[in-house]
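**Q** Return atomic coordinates for the entry below.
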Amino acid sequence: MGDAGLPEDPLHGRSAPMSYWSTANLAEAMPGVLTPLGWSVWGPAAELGARRAFYAMGAVPAAELAIPAAEEERFINIFYGRPAARVDYLASIGDRMPGTSAEAIATQLLGSVPPGFVGRPTRRRYPFVAARLPRTFAGTPGLVRRTRAETATWWRAELARTPQLDETGARDQLAGALTRFRRTVAIQGTALIACIQGVYDQLARLAAAGGVDSAPLMSGQGSHEETAVVVDLWAMSRGRLDLAVFLDRHGYHGPGEGEISGRVWREDPAPLEALLEGYRAMGDDADPARAEARRGDERHRAEAALLAALPPARRPPAKLVLRLARTYLPLRGVGKVAFLQSLDVARAAARRLGVALAADGRLADPDDVFFLSADELLDRRPADPAAVVAERRARHRHYATLQIPALFQGDPVAEPLAPGGGGASDGAALSGTGASPGVVDGRVVVVTDPALAEIEPGDILVAHTTDPSWASIMFLSKALVVDIGGLLSHAAVVARELGIPCVMGTGHGTRTLHTGDVCRVDGSAGTVEVLERAGGETA
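**A** So this is what the prediction gives:
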């Protein structure tokens with residue numbers, strides 16, 4: 001009943017017994033339990049995009065570019081509605097690449113390596129890497145920026161015509177958006193895997209060799225797509241920007257923006273008003289433009305300290321790495337904008353198609369469209385759409401009551417979703433990866449939906465994962481604590497740009513901590529200490 005290449009249950013796949021999978025970082029792009037339409041859009045795009053990136057690096061032959069027929073052999077799969085990446089396959093890519101390792105690439109992109117994993121480095125692909133990677137590396141920045149500009153123009157033009165489309169027009173727009181989405185995801189995957197990760201790896205090694213903190217070296221490179229929302233919200237809070245201009249720039253962002261059924265700010269701007277209240281309450285000295293200037297000054301000082309700490313012979317290659325970091329690290333957010341805008345046009349087309357299908361009774365509700373796959377909407381509509389939708393809606397609701405491990409081998413075991421602060425996780429300390437330095441004490445606010453967040457300036461934000469729409473409430477926070485992710489995760493990047501402490505990969509911070517707890521966050525050591533429980537109990 002699902003798309004060709006998708007399992008009968010479109011939200012639950014199968015794993016080979018010895019394969020390791022991780023949900024870390026994928027939840028940034030594909031949040032929560034996906035709808036069937038959401039997975040049918042994301043699954044092929046993510047699989048093909050990653051494989052295109054591996055090929056562009058020279059790590060895999062052309063024979064590995066296609067989506068494997070057997071889902072157990074794929075790099076991206078879905079379990080109980082939650083996408084996961086095959087860690088052992090990604091680690092094998094690291095083993096084939098010079099200048100990195102299986103452990104490094106798996107940790108930086110997915111936050112962890114399988115327990116007991118042992119890398120098996122090989123030089124067999126080195127000649128292909130030498131032939132392909134330099135060309136890919138040199139051409140990617142220009143390609144990413146051109147695609148970002150072209151897609152922004154296309155996004156505005158397509159959204160302007162969506163309300164006038166008939167059923168055939170909406171179907172054609174959806175097909176065109178999916179084509180562009182796959183292309184933009186592939187470009188972003190190539191930028192991240194073939195370029196940004198390698199530059200980050202070299203920068204981290206360089207900082208370690210010079211005995212300096214790498215965080216200031218990774219931030220302060222100028223205007224960042226991932227903090228542009230914050231800058232414009234600040235301008236709105238000071239009356240220098242109106243809502244229409246803000247939505248023209250950022251309307252594709254919003255709660256659950258990576259799920260096609262999510263309602264983004266251009267559809268429902270109401271959540272922005274609550275955010276603006278928090279911004280208006282802050283003093284003018286909190287202006288994010290000033291913070292951006294400070295980050296730039298700190299980066300310059302950190303670069304000078306690094307070069308001074310290195311022997312003269314190592315300074316020229318170090319300067320090259322620093323220059324590459326300024327070029328490549330900001331690309332992470334640039335490519336993301338293009339695929340989010342592509343997805344947003346697909347969202348608009350799907351909603352329009354849902355209205356058309358509900359108008360003549362083929363669907364009971366326009367939102368039922370999200371429980372059919374892209375292939376079913378474009379080519380192979382089920383004989384009884386109502387029955388299919390009812391079954392899938394029920395399964396989707398059930399999957400939302402379950403949880404699976406962030407890292408697992410074989411098919412995961414799903415368990416009932418634990419309530420906040422429950423059981424064995426209810427300890428007084430957490431540890432993870434220190435992603436942005438600094439030590440602060442403050443009140444915890446555990447947030448599951450940024451649209452419903454009641455966070456005040458100076459609170460500590462605790463989340464399971466984040467996406468770009470969260471940057472707006474991150475700015476109100478004095479520290480970030482995130483369950484899953486690593487040093488290249490969205491929250492880590494934004495924290496470094498905002499200059500606030502951040503601990504990534506705590507595993508269960510959203511269950512261990514309660515709103516109202518008082519904690520100490522050490523973004524250098526990667527620790528979170530509970531000083532006082534909500535209600536006054538000392539930890």
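
**Q** Can you name the element that comes right after the helix or strand of the chain with the lowest mean pLDDT?
**A** Least confident helix or strand, the chain: helix 102-110 with a mean of 70, by mean pLDDT, DSSP states H and E. Later in the chain than helix 102-110, the nearest helix or strand by DSSP states H and E is helix 126-161.

**Q** Please name every helix or strand in contact with that following helix.
**A** helix 36-57, helix 167-190, helix 331-359 (3 or more CB pairs under 8 Å, 6 or more residues apart in numbering; DSSP states H and E). Where C-beta positions appear, they are placed from N, C-alpha and C, glycine not excepted.

**Q** C-alpha coordinates for the longest strand seen in the chain, PDB please?
**A** Ordering each strand of the chain by length in residues (DSSP state E) puts strand 439-446 first. The C-alpha coordinates for strand 439-446 follow below in PDB (Å, rounded to 0.1, in the frame of the first residue of the first chain):
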ATOM      1  CA  VAL A 439      29.400  28.000  33.600                       C
ATOM      2  CA  VAL A 440      26.000  29.400  34.600                       C
ATOM      3  CA  ASP A 441      23.400  28.700  37.300                       C
ATOM      4  CA  GLY A 442      19.700  29.200  36.500                       C
ATOM      5  CA  ARG A 443      16.100  28.000  36.500                       C
ATOM      6  CA  VAL A 444      15.400  25.100  34.100                       C
ATOM      7  CA  VAL A 445      12.600  25.100  31.600                       C
ATOM      8  CA  VAL A 446      12.000  21.800  29.800                       C
END
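
**Q** got the contact list for it?
**A** Applying CB atoms under 8 Å, 6 or more residues apart in numbering, the contact partners of strand 439-446 are 420, 453-456, 458-463, 477-479, 481, 500-501, 510, 513-524, 531.

**Q** Would you write a ChimeraX line that selects the buried entries of those residues?
**A** Those of the contacts of strand 439-446 that meet the burial criterion (16 or more other CB atoms under 10 Å) are gathered into one ChimeraX selection, given here:
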select :453,455,459,460,461,462,463,477,478,479,481,500,501,510,513,514,515,517,518,519,520,521,522,523
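
**Q** Just the ones of the contacts of strand 439-446 in helices?
**A** Thr510 (DSSP state H).

**Q** so where's the stretch 301-450 of the chain shaky on pLDDT?
**A** Applying pLDDT under 70 to the stretch 301-450 of the chain picks out residues 419-428.

**Q** Domains of the chain: list them as residue ranges, please.
**A** 213-323, 423-532 (automatic domain parsing).

**Q** Tell me which of those is the most buried.
**A** Mean neighbour count (mean count of other CB atoms under 10 Å) peaks for domain 423-532 among those, with a mean of 22.

**Q** Could I have the CA atoms of whichever strand or helix holds Asp375 written out in CSV?
**A** According to DSSP H and E, Asp375 maps onto helix 374-378. Written as CSV, here are the backbone C-alpha positions of helix 374-378 (Å, rounded to 0.1, in the frame of the first residue of the first chain):
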residue,chain,number,x,y,z
ALA,A,374,3.7,11.2,-2.1
ASP,A,375,3.5,8.3,-4.6
GLU,A,376,-0.1,7.7,-3.6
LEU,A,377,-1.0,11.4,-4.1
LEU,A,378,0.8,11.7,-7.4
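
**Q** just how off-centre is that helix within its chain?
**A** Its chain's average C-alpha position is 26 Å from that of helix 374-378, according to CA atoms, centre = their mean, to the nearest Å.

**Q** again, but for stretch 151-163
**A** Offset of stretch 151-163 from its chain centre (CA atoms, centre = their mean): 24 Å.

**Q** Show me where this protein dips below the pLDDT cut-off.
**A** 1-7, 108-112, 222-223, 419-428, 536-539.

**Q** what residue of it is the furthest out?
**A** Relative to the centre of the chain, and counting by CA atoms, centre = their mean, the farthest-placed residue is Pro312 at 39.0 Å.

**Q** rewinding a little: turn the domains of the chain into TSV, including distance to Ile76.
**A** Output for these, formatted as TSV (distance: least, CB to CB, whole Å):
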stretch	distance to Ile76
domain 213-323	14
domain 423-532	16
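
**Q** looking at those, which is closest to Gln202?
**A** Checking those against Gln202 by CB to CB gives domain 213-323 as the closest, at 5.0 Å.

**Q** gap between the two ends of that closest one?
**A** 17 Å (CA to CA, to the nearest Å).

**Q** related to what we said a few turns ago, Ala374 is nearest to which of the domains of the chain?
**A** Using CB to CB, the nearest of these to Ala374 is domain 213-323, at 9.3 Å.
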